[in-house]
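Enquirer: Turn this into a structure:
(one chain, ligands or ions: 1)
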Amino acid sequence: MARLLKLLKQGPVFCAKYCSSAMSVEGSKKEAACIAVENNVKGGVIGIGSGSTIVYAVEKLAEIVAEQNLDIVCIPTSFQARQLIIKHGLPLGDLETHPVLDVCIDGADEVDTDLTLIKGGGGCLLQEKIVASCAKKFVVIADYRKKSNNLGEQWTKGIPIEVIPLSYRCVEMKIVSQYGGNIDLRLSGESKAGPVVTDNGNFILDWKFPSTLDWKAVEIFLNMIPGVVENGLFVNMAHVAYFGMKDGSVMTKERE
Ligand SMILES: O=C[C@H](O)[C@H](O)[C@H](O)COP(=O)(O)O
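Expert: Residues are numbered from 1 along each chain as shown. Prediction:
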């Protein structure tokens with residue numbers, strides 16, 4: 001109890017839930033997702049992110065919509081998100097009919113102390129960034145492995161960059177000549193020979209950057225390269241992050 005009281009006094013970083021048992025990664029994703037949905041969904045237009053953590057958020061959303069008879073519309077950020085919404089019988093909308101969202105909830109690959117994010121580990125960064133940019137509130141849900149002091153400490157696969165296929169070599173060269181590091185074209189692996197093709201028909205480059213950089217400047221630089229469609233840096237977008245911690249607590253961090 002003393003520990004809980006201490007956590008509650010930590011300003012914008014506080015413990016929303018506490019229990020003493022050790023938590024698995026999946027358990028911590030679920031805790032973060034459930035608390036985030038409980039605290040941020042009151043009805044309205046909801047952006048649904050992509051990845052494994054959002055699955056728990058959609059389950060919780062379906063539960064509270066049924067319990068409280070909430071009036072919502074869900075806007076997907078990917079093929080996967082659309083399928084999740086349909087699977088749970090939630091109302092499906094799009095940005096054409098709902099260009100302003102009340103809240104968007106999504107996972108992240110890494111979250112630094114400024115709530116700058118790396119996203120796109122699952123290749124969905126483009127639609128995720130579009131949908132999040134239309135939301136009045138962008139809520140991030142993540143397990144404890146995603147929380148870091150500096151980007152690159154936890155997520156070592158690099159910043160995903162979605163590119164028009166014919167441009168990928170030129171984009172690689174321009175990034176490396178400006179900032180260094182190294183870049184891999186993301187490949188499909190065993191499921192198919194050749195590159196990953198995104199929901200939008202593009203390729204993904206994964207840029208292992210050499211050091212901590214001015215992320216806003218990097219984001220702008222990347223998006224100015226002809227052929228780049230979007231990059232996985234989300235700067236000044238997240239309003240709040242919920243981290244499921246190893247001890248079963250959920251830590252909340254608001255953007256200052
Ligand atoms: O492209 C994928 C998305 O950006 C995901 O939100 C991100 O990779 C986090 O996914 P997960 O919740 O599976 O860790």
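Enquirer: Just want the residue of the stretch 51-200 of the chain that's nearest the ligand.
Expert: Gly51 (2.6 Å; Cβ to the nearest ligand atom). Backbone N, C-alpha and C define where each C-beta goes, glycine included.
Enquirer: Isn't that residue up against Gly121?
Expert: Yes: Gly51 is in contact with Gly121 according to Cβ atoms under 8 Å; the separation is 7.1 Å.
Enquirer: and Val197, how many residues sit next to it?
Expert: Residues lying near Val197 (other Cβ atoms under 10 Å) number 15.
Enquirer: nope, Leu126 is what I was after
Expert: Leu126 has 22 neighbours, counted by other Cβ under 10 Å.
Enquirer: Next: Lys87.
Expert: For Lys87, the count of nearby residues is 12 (other Cβ under 10 Å).
Enquirer: One more: Leu187?
Expert: 13.
Enquirer: What pLDDT is listed against the residue nearest to Val176 when sequence neighbours are not counted?
Expert: Excluding its sequence neighbours, the residue lying closest to Val176 (Cβ to Cβ, 6 or more residues apart in numbering) is Ile183, at 6.3 Å. Predicted confidence (pLDDT) for Ile183: 98.
Enquirer: Could you do Met23 as well?
Expert: Met23 is assigned 89 on the pLDDT scale.
Enquirer: need the strands for the chain, in chain order.
Expert: Taking DSSP state E as the test, the strands found in the chain are 14-17, 44-48, 72-76, 103-106, 110-111, 117-118, 138-143, 159-163, 182-185, 203-208, 228-231, 233-234, 240-244, 250-254.
Enquirer: Using PDB, write out every CA atom in the fourth one.
Expert: Below are the C-alpha coordinates for strand 103-106, written out as PDB (Å, rounded to 0.1, in the frame of the first residue of the first chain):
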ATOM      1  CA  VAL A 103      -9.800   9.300 -29.600                       C
ATOM      2  CA  CYS A 104      -7.400   7.000 -31.300                       C
ATOM      3  CA  ILE A 105      -5.900   4.100 -29.400                       C
ATOM      4  CA  ASP A 106      -2.800   2.300 -30.700                       C
END
